[in-house]
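Q: Generate a structure from the sequence data that follows.
(one chain, ligands or ions: 1)
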Amino acid sequence: MTPDETFDLIVIGSGPGGQKAADQATKSGLKVAIVERERAVGGTCVHLGTIPSKTLREAALTITTLKRNADVFDFKLKDDMEVSTLMKRLDSVLQSYTSFISSHIGSTGGKVFLGRASFVDSHTVLVTSVKGTKTVLRGENIVIASGSRPRTPPEIPVDHEHILDSDSILSMIYLPRSLTVIGAGVIASEYASIFSLLGVEVTMIDRTPRPLMFMEPELTAKFLDNFTRNGGNYIGNVKATSVEWNGMQVRTVLDNGQELLSDKMLVAQGRLANVEPLNLGAIQLAQGRNNVISVDENYQTSVPNIYAVGDVIGPPSLASVSMEQGRRAVHHILGKDSHHAIELVPIGIYSVPELSSVGLSEEQAREKYGDHIIIGRANFEEVARGQIAGIQDGMLKMIADPQGKKLLGVHIVAEGATDLVHVGEMAILNGNDIDIFLENILNFPTLGEAYRIAALDIAAKRSKRHSKRHQPRIQKLIDEAELN
Ligand SMILES: Cc1cc2nc3c(=O)[nH]c(=O)nc-3n(C[C@H](O)[C@H](O)[C@H](O)COP(=O)(O)OP(=O)(O)OC[C@H]3O[C@@H](n4cnc5c(N)ncnc54)[C@H](O)[C@@H]3O)c2cc1C
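A: Alright, predicted model coming up:
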């Protein structure tokens, strides 16, 4: 096939992974094409996932504050709240974000092709527009960043009107009175807690005994407690045996015989890699479990000039990680060393309250360092800023090695957790001792003070364990903290 245009790099998909790959390549002087099958660039992150869900979350938090103050200031919120009203700012956020991305791609010399990409051979990509126009592109190298889509279990008839997935949930016009959420992962927990904060009667169901099984149980217990206090209900260790829209409501029957009725349902049971339209058969690309594209540590696939990044290569399926993978794939194409593999990935869950963690969990630390690891905790009632901001049911948990020195992991549940965790991330990356939080000044009053309180907890336990007071300055800090 004769190409219509030739590029140094073709990027398939304009989500976070594709954007950063294109950005890195154009900055380095490569001639780049970026192919996107939707009407606008940005990917799931901008149009259906990260940004819309966080916009709704902000609205839910604002409304809660307004409701709390409604009596004081003598005003009333509308009962039949439209979802679009809650998301009023979304259009402008999306518009400015997409136009920024488009103009950025343009200004760096990249060329956007709107259409579906499919492989002809390992250097040739066919782009088919919605009108059927076909363009043949040739690329020296290709980065696949085609993302993922919601997985729909065959037994659940998602109709995008009553039974919705994470792509269609925000297309609801009015807030439902009740919502059943199937799933207990990140997306399920985020939406379940946001909608329950908005006054929707939410029931979350899953096979797992608690939501967010991969997070510290102490953190998820606080999440669950908050969710329940806001009117939410979690039913664990169950499976939905049938789901149907009965003309009035969504009827869900569970394998324990229980029947649930709700206005709407959200199905959030994982995501599948977007590989089908790519015609991977033409290039014999190796794929792994659930069809994800297999890559090595440089994001290179089994076909050397083809790389893959982001959700299409599987977990952790985060915008933050996809961006870095895109950048690193292009570094490898350019023959530059990325210095070290991505070892530390912070997890941020924007539920209400937020949960975030970095480094080893308590269980992983015990496996690696034995049972004598030292755990420090700071409850946010002890943190002045927590009191001021009304963030009282938060917690920061710090994990140190058996000497009570090396910081191994940080786990936080509280508003602001996803930002706060970066302090711990940097300390772990730098191999810092927990004493760094004791021997240096942190702003006051801040939520960051929780690091100091948890570090003091570890230092006190360490001191008891070793009984010798060989660190007079730290001991003085512990004594002062105990006096307070
Ligand atoms: C509800 C929700 C909330 C989320 N919240 C967060 C969060 O808070 N933080 C976080 O880090 N992550 C979050 N994520 C995950 C994040 O959105 C994804 O990890 C990220 O978007 C993946 O980026 P990507 O570049 O791999 O793919 P995507 O963003 O999915 O982009 C892929 C693009 O490729 C295009 N494409 C696919 N096939 C073709 C083809 N054949 N030809 C041309 N174009 C094609 C698609 O149209 C799409 O635009 C969330 C996801 C969801 C669903």
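Q: What pairs with the strand ranked longest in the chain, parallel or antiparallel?
A: Counting by DSSP state E, the longest strand found in the chain is strand 134-144. Using DSSP bridges, strand 134-144 pairs in its sheet with strand 5-12 (parallel), strand 124-128 (antiparallel), strand 306-308 (parallel).
Q: Which residues are in contact with the closest residue in space to residue 352 that isn't next to it in sequence?
A: The spatial neighbour of residue 352 that comes closest, neighbours along the chain excluded (C-beta to C-beta, 6 or more residues apart in numbering), is residue 193 at 4.2 Å. The C-beta positions use only the backbone N, C-alpha and C, and glycine is treated the same way. The contact partners of residue 193, by C-beta atoms under 8 Å, 6 or more residues apart in numbering, come to 202, 223, 226-227, 230, 232, 351-352.
Q: cool, residue 147 as well?
A: 13, 15, 17, 43-44, 273-274, 310-312.
Q: ok, the contacts of residue 193 vs residue 135, which is closest?
A: Nearest to residue 135 among those is residue 351, at 42.7 Å by C-beta to C-beta.
Q: Hmm, that closest one is touching residue 188, no?
A: No - look at residue 351 against residue 188 with C-beta atoms under 8 Å: they stay out of range, at 9.4 Å.
Q: quick one: contacts of stretch 253-270?
A: 150-153, 156, 158, 162-166, 169, 172, 176-183, 185, 187-188, 191-192, 201, 203, 205, 235, 238-243, 249-252.
Q: so where is the stretch 201-350 of the chain shaky, pLDDT-wise?
A: 338-339 (pLDDT under 70).
Q: Which positions in it make contact with the ligand?
A: Residues of the stretch 201-350 of the chain that fall close to the ligand, judged by C-beta under 6 Å from any ligand atom: 274, 277-278, 310-312, 317-320, 322, 348, 350.
Q: Take these and write them to a markdown table, including neighbour count.
A: As requested, those are exported to a markdown table (neighbours: other C-beta atoms under 10 Å):
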| residue | neighbour count |
| --- | --- |
| 274 | 22 |
| 277 | 13 |
| 278 | 23 |
| 310 | 36 |
| 311 | 30 |
| 312 | 28 |
| 317 | 21 |
| 318 | 20 |
| 319 | 21 |
| 320 | 15 |
| 322 | 29 |
| 348 | 20 |
| 350 | 21 |
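Q: most residues in a single helix of the protein, which one?
A: With secondary structure taken from DSSP state H, the chain has its longest helix at helix 50-73.
Q: tell me which residues of it are tucked away?
A: Going by neighbour count (16 or more other C-beta atoms under 10 Å), the buried part of helix 50-73 is 50-53, 55-60, 63.
Q: Check stretch 231-250 too.
A: Neighbour-count burial for stretch 231-250, with 16+ other C-beta under 10 Å as criterion, is recorded at 232, 234, 238, 240, 243, 249-250.
Q: try stretch 273-290
A: Buried residues in stretch 273-290, counted by 16+ other C-beta under 10 Å: 273-275, 278, 280, 283, 285, 287.
Q: nearest to the ligand, of the residues you listed?
A: Proximity of the buried residues of stretch 273-290 to the ligand (C-beta to the nearest ligand atom) peaks at residue 274, which lies at 4.3 Å.
Q: quick one, phi/psi of the closest one?
A: Per-residue torsions, residue 274: phi -80, psi 90 (degrees, to the nearest 10).
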